[in-house]
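# Okay, here's the prediction I keep looking at, along with the sequence it came from:
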Protein chains: 4
Amino acid sequence: MIYFRSDYSQGAHPKVLEALNATNPEHTDGYGIDPHCEHAAAIIREMTGLPDCGVHFMTGGTSCNVTVIAAALRPYESVIAARTAHIYVHETGAVEGTGHRVTAVPGVNGKLTAELIREAYREGEDEHTAMPRMVYLSQPTETGTLYSRMEMQSIATLCRELGLLLYVDGARLGSALCSAENDLSLQELAGLCDAFYIGGTKNGALFGEALVIRNQELNDHFRWMIKHQGGMLAKGRLLGVQFEALLAPYPGRTDAQSIEAGAEMLCPDRVGINEYRCLYFDIAQHENRLADRLRKGLREAGFRFYCETSTNQVFPLLPAALVEELEKDFFFHRWAPEQDGLIPIRLVTGWGTTEEEVDAFLGRVQT
Amino acid sequence: MIYFRSDYSQGAHPKVLEALNATNPEHTDGYGIDPHCEHAAAIIREMTGLPDCGVHFMTGGTSCNVTVIAAALRPYESVIAARTAHIYVHETGAVEGTGHRVTAVPGVNGKLTAELIREAYREGEDEHTAMPRMVYLSQPTETGTLYSRMEMQSIATLCRELGLLLYVDGARLGSALCSAENDLSLQELAGLCDAFYIGGTKNGALFGEALVIRNQELNDHFRWMIKHQGGMLAKGRLLGVQFEALLAPYPGRTDAQSIEAGAEMLCPDRVGINEYRCLYFDIAQHENRLADRLRKGLREAGFRFYCETSTNQVFPLLPAALVEELEKDFFFHRWAPEQDGLIPIRLVTGWGTTEEEVDAFLGRVQT
Amino acid sequence: MIYFRSDYSQGAHPKVLEALNATNPEHTDGYGIDPHCEHAAAIIREMTGLPDCGVHFMTGGTSCNVTVIAAALRPYESVIAARTAHIYVHETGAVEGTGHRVTAVPGVNGKLTAELIREAYREGEDEHTAMPRMVYLSQPTETGTLYSRMEMQSIATLCRELGLLLYVDGARLGSALCSAENDLSLQELAGLCDAFYIGGTKNGALFGEALVIRNQELNDHFRWMIKHQGGMLAKGRLLGVQFEALLAPYPGRTDAQSIEAGAEMLCPDRVGINEYRCLYFDIAQHENRLADRLRKGLREAGFRFYCETSTNQVFPLLPAALVEELEKDFFFHRWAPEQDGLIPIRLVTGWGTTEEEVDAFLGRVQT
Amino acid sequence: MIYFRSDYSQGAHPKVLEALNATNPEHTDGYGIDPHCEHAAAIIREMTGLPDCGVHFMTGGTSCNVTVIAAALRPYESVIAARTAHIYVHETGAVEGTGHRVTAVPGVNGKLTAELIREAYREGEDEHTAMPRMVYLSQPTETGTLYSRMEMQSIATLCRELGLLLYVDGARLGSALCSAENDLSLQELAGLCDAFYIGGTKNGALFGEALVIRNQELNDHFRWMIKHQGGMLAKGRLLGVQFEALLAPYPGRTDAQSIEAGAEMLCPDRVGINEYRCLYFDIAQHENRLADRLRKGLREAGFRFYCETSTNQVFPLLPAALVEELEKDFFFHRWAPEQDGLIPIRLVTGWGTTEEEVDAFLGRVQT
């Protein structure tokens, strides 16, 4: 069985695991107060160009989203999100569990727009209505699409105008930053939003996400919030070790060396400073490259797509019979119900996906 | 610097890490639906003598406690706990965060008694008062003491009489089961309470706790609760792999082989079935043996203890000047303020604590 | 200034106030445990044909809705409601405040349908999604429309099939029951849903709603829930006294006497038993009769309606200039933004609205 | 049956009811936006010497307490209260229902002290502990005792030092202000705390409490909080009308006229400005005067008291047999279990309690 089910079906990238093995005997204090977490946070402050931001290492995406939202909102406030947003669709009402409405609006290609946000904001009329106070969006979105620099800027501008906080879920941020279509660098993103996270779980970590909080007021007592939400890891340094391994810049390596053979330099300025190379981007580029290979092969085989993506998720529309046939040897997700004989499926590439696996899949759809 | 700060200052026991390394390349489905989690759950059902219990692998203790309590209680119901209970003292109000009172009562040696529970229960008079519905206790307690079989039985009997659920926090359950003073087997404990957890983090795991739910009603839709509370791990099999490594019985090994040189057979029937040997108990015995060595050495050096324990936590009362001196080379916790010139400190042994480290400490206090 | 702003702009119907005055010196026990509440509950059990139902007198609609929903749902469960539902639009996120999602679906004429509910239910796929567990609807709806007996039956049947609870907000239930278009009696409604409330505030009471819970499991410890939600009135008998005055049947009165001059017998079987006459229905008929007069006059003056209603809310589409002119002497709500030069306004009649006031309004629009 | 059960066993003081009757036909806008609420708020701003404070009329004490606390605290913060505090003992966990711990500390005569608060504050060590952020106390306390000016000042000073908010539950504030022992005027109290409420329910209102918020940050968007907590009354002016009747100063009346025959001038400066006379204080003085008569009679009959009070609650210790005998004709609360043959009972006087009722009671205990 070959897995295109998700980018979290294997363990950690070998180099991340290596770091965990190497540091395993060390004694450190717990709960994220240790040299590894401090070092990883320093790297992130450098990469993002935010020397004063708060950095918190979280065990997972839902925990991260919920803690940020619960920390940011007063009881009567709500968060605006696309109808397809992870917090609305796949978190079992965890945000509402902290007392806040997710105001879900139909998006465009999985994305919010400034106009949609303005409209949702207007629902907050007076003391009889929940008051929108935050915008949640995902980069890339849950359906693999990207916000352009211009789109993100226009949303950020509106947020400032309306007094809304902007929070970006970066579960697959690596894949977004390294996408051929991306024109929004990490530093630009970091400068536009109040908080965002750099997803580890889906980009080579065993587990863990790095939350970056630029807004000082939101960052206040955030460690209390993490613990209060049950999300503080005893052996917190595990997260620091992994993000050190993922994000530490390759010293003295040239572009050509840092990137696996065959990878083009898709976004020359992913971070916002020149020539930043690290394992995190290598993994993202690997995921994107194999997703591109899938897309290209499927397109050449004549298939269309449920939505157009340039990240590590691919959504081809395949005939129902073919889907059933493929399911014998490949593990993937049916994304939506059959329509007109076609089923949209989701194929995801991960750090361990191989060209052979991709070609095996393409071989089967081309017959 | 030598650490007696906690039993979570290092990574995982090498054999646990080995299992994570060995299974790292495998592809599995996420969120705890995988062969490793299933296997580990099967082992636990066997060990506990509860073939139908729910088993859920959680990322940490607070998350585990909060999810169980929130799943069990209706909005107006509360949980009774000792004043020193982890959920009252060290979880930043996480239980209250789900809407429930922790009714904290002064315990005896960190323990609840049937009488104290009955008294707290009486506070639930009518519709104007929060209604106690669950008893939370820790085995061993937060101060290292143990409930005897008789004490636990009398609490369990009272709980049944009053319609209270009984939940046991087993963050250090291994150390309790392997303590020389323990007379309550795993199977007996499992049969007396509605739910409990087998702590991994403090007993050799990288992270993770195995929650066992005997009460079928409490187990209903529990996976929804985990996700709702933000505690579901994407790469859920990491937890299954670790508990497989920790709990799988050593096949064909004799008692003498399974236990490290020097360890006596403290509790011949820890599980409730004869001759159960596994890494989890080896680690616990190791921790206890070194804690015993500390206790013995400190006693011989003439020191008294803040509370008498037989598990992997030791609470000697040391002169303030000595404490300050020790702090130069040893990392530990001051447990309570100085009184009469003495400071109670907490020393904890972990899977990686060595005889040399213990002797180094004893060497310094004996001078 | 003449008020068509709401049906709660005056105090209580004089007969309700009379009852409060008459009983004022009495001493009773507090919190709804008194002969008046018991008597009013007995009347309601008789009227609804539910001899075993729970009856709870609540101070207001939001408090009532929130308490029922919080009592009924487990933490990960949600309530399905129309996009225009009061709990979604006008309760400041109070339901979410108790931890539950309101799954809002676009309705048809302010109404849910069995089909819409089935669709929303499907969103509850597995442990990663909030699980719909209750359907909330209003009779009449927030835009004055009515569920027919057939519509309500088909929803109730679906709810039973899917294991969903059915809860009906009856803030203006009197107006619904007495509407010329209504074919669903009180007893039928009571038999179809798990809980509903008979609204007092908008039907002549000073304040208060009578919650009726047929589902015994939902009723369990409900008084604890009321207090827990902060909704228990110290002088609880005030609510009992009012509902006694509103609902006690007129003994020996004939149809003609019970209804004010000019009122037709719109629904001969409002309750489900013959010839039930009480102040509550008199007030509702009064409200409906004057709303009919408004509708008729506006229609004759050539105006169309934003939505067609047969209850005490009227939504004419008036030219913007006329609206501005009317606002000088009449107080009403602009319901939605101007479109094509027309503004939909909301006119509501109350227990104290007079023919003169209606005619004054009609006189101004006919010029 | 004669009631000493509570001060809310009858309806409203006749003059309050008169005001409700007189204003009943008026049309006003809803939800507390009306001339009566505005007028009553203006009176309160004048009385309290806080021209800029927020004034909100709430339906009941629990609702008021919960809304203030939920508005003031961030998720991980807790409120310190005496073990006997209403929010801890008699609100069914409503505060915890909003996610916050009530840190209950054993008080002294039902009162907190600066020292006790400082000790409880210390529990908030770091991110692993709930953080105390507010102090809740009741004036008078639940057992009828009073904070002196000096006690209140010392608490307020400590709160400022520690960054704690101070909130005072004034359910029986009238009785406190008019007590012979009281030396803390309304204006002084108002100036010392962040928020407090002037209780109406137990001082002659039909229902309702007037919340006064001096702290502007706490007052921000408070109406959203009220609605979010389900506590906003549709016919909000009912509360304004009652507090107008209760608090409006008697114009041109002399001291002797304003107070019923027999009442001494206990506290010449209850408000903080000279010669303030209003119905609210008349009622409070009436309640206190009859409570004094009870106390005096009981003392003369040789009985001791469970706690010494000077407000409208009296707690005599009576022989068990006498209590049973009295219960045939008098309705009161047994406050605590029998001890040494004596039962502490609670006697409460209300606006409608008469000298005859008091003397009837005294007549029975003296035999």
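That came through, no problem.
# use CA for all of it now, contacts and neighbours both
Will do.
# just checking, what packs against the longest helix anywhere in chain A?
Assignment by DSSP state H gives helix A:279-300 as the longest helix of chain A. Helix A:279-300 sits against helix A:173-177, helix A:237-247, strand A:313-319, helix A:355-366, with contacts defined as 3 or more Cα pairs under 8 Å, 6 or more residues apart in numbering or on different chains; DSSP states H and E.
# repeat that for 10 Å
Counting contacts by 3 or more Cα pairs under 10 Å, 6 or more residues apart in numbering or on different chains; DSSP states H and E, helix A:279-300 packs against helix A:14-23, helix A:173-177, helix A:237-247, helix A:255-258, strand A:305-307, strand A:313-319, strand A:342-348, helix A:355-366.
# For those, could you give me CSV that also reports distance to chain B, mean neighbour count and mean pLDDT?
Below are the helices and strands packed on helix A:279-300 laid out as CSV (distance: least, Cα to the nearest Cα, whole Å; neighbours: other Cα atoms under 10 Å in any protein chain shown; pLDDT from 0 to 100):
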stretch, distance to chain B, mean neighbour count, mean pLDDT
helix A:14-23, 7, 18, 98
helix A:173-177, 17, 29, 97
helix A:237-247, 8, 26, 98
helix A:255-258, 23, 14, 45
strand A:305-307, 24, 17, 95
strand A:313-319, 17, 24, 97
strand A:342-348, 13, 22, 98
helix A:355-366, 13, 15, 96
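# now these in CSV, with distance to C:Ser310?
Formatted as CSV, the helices and strands packed on helix A:279-300 follow (distance: least, Cα to Cα, whole Å):
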stretch, distance to C:Ser310
helix A:14-23, 68
helix A:173-177, 54
helix A:237-247, 63
helix A:255-258, 73
strand A:305-307, 45
strand A:313-319, 48
strand A:342-348, 46
helix A:355-366, 59
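# Buried residues in the longest helix of chain A, which are they?
A:279-292, A:294-295, A:297-298 (16 or more other Cα atoms under 10 Å in any protein chain shown).
# Look at the closest residue in space to A:Thr59 that isn't next to it in sequence and report its pLDDT.
Ranked by Cα to Cα, 6 or more residues apart in numbering or on different chains and with sequence neighbours excluded, the top spatial neighbour of A:Thr59 is A:Gly208, at 4.4 Å. We have a pLDDT of 98 for A:Gly208.
# right, and A:Gly208 touches A:Gly170 too?
No. Under the criterion of Cα atoms under 10 Å, A:Gly208 makes no contact with A:Gly170, lying 11.9 Å away.
# Quick check: neighbours shared by the two?
A:61, A:198-200, A:202 (Cα atoms under 10 Å, 6 or more residues apart in numbering or on different chains).
# Looking at these, which is nearest D:Glu119?
A:Gly61 (37.8 Å; Cα to Cα).
# mind checking the SS state of the residue in the stretch 151-300 of chain A that chain D sits nearest to?
Closest approach between the stretch 151-300 of chain A and chain D, counting by Cα to the nearest Cα: A:Trp224, at 4.4 Å. Three-state call for A:Trp224 (DSSP: H, G, I helix; E, B strand; the rest coil): helix.
# How many residues are close by it?
25 (other Cα atoms under 10 Å in any protein chain shown).
# Stretch A:232-248 near chain D anywhere?
Yes. Using Cα under 10 Å from any Cα of the partner chain, stretch A:232-248 reaches chain D at A:Met232.
# Centre of the chain to that stretch, how far?
With Cα atoms, centre = their mean, to the nearest Å as the basis, stretch A:232-248 stands 17 Å off its chain's centre.
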